[in-house]
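>>> coordinates only, sequence not included:
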């Protein structure tokens, strides 16, 4: 396991932001386990929010 400093992780996240390939490809090229990358990104507050479905709420007319 490679120990990285906070500065190194900041540099890694910056490089990833500029990377054109997938996260998996980036991690392979930089010898970083994918789960470690995602864990560190979340720890640094850089995690992207999960996609959620937006459901439109509408008032249904009441039948009397």
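Alright, I've got the coordinates. A quick note: this is a predicted structure, and the numbers were derived from the prediction, not measured.

>>> can you pull the buried residues of whatever helix or strand residue 15 lives in?
Here residue 15 sits within helix 6-18, counting by DSSP states H and E. Judged by neighbour count (16 or more other Cβ atoms under 10 Å), helix 6-18 contains these buried residues: 9, 12, 16. C-beta coordinates here come from the backbone N, C-alpha and C atoms, glycine included.

>>> residue contacts, the last one?
For residue 16, the contact set (Cβ atoms under 8 Å, 6 or more residues apart in numbering) comprises 23, 26, 37.

>>> before we move on, back to that, over the helix holding residue 15, what's the mean pLDDT, rounded is fine.
Mean pLDDT, computed over helix 6-18, is 95.

>>> Can you give the contact residues for the very next helix or strand once past it?
Counting by DSSP H and E, the next helix or strand C-terminal to helix 6-18 is helix 23-29. The contact list for helix 23-29 (Cβ under 8 Å, 6+ apart) reads 15-16, 19, 32-34, 37-38.

>>> now do 7 Å
Helix 23-29 has contacts (Cβ atoms under 7 Å, 6 or more residues apart in numbering) with 16, 19, 33-34, 37.

>>> List buried residues within those residues.
By neighbour count, with 16+ other Cβ under 10 Å, these hold 16, 37 as buried.

>>> May I see the contacts of helix 23-29 organised as CSV, with distance to residue 45 added?
Shown next, in CSV, are these (distance: Cβ to Cβ, whole Å):
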residue, distance to residue 45
16, 15
19, 20
33, 20
34, 19
37, 15
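
>>> from the contacts of helix 23-29, which is closest to residue 5?
Distance to residue 5 across these (Cβ to Cβ) is lowest for residue 37, with 15.6 Å.
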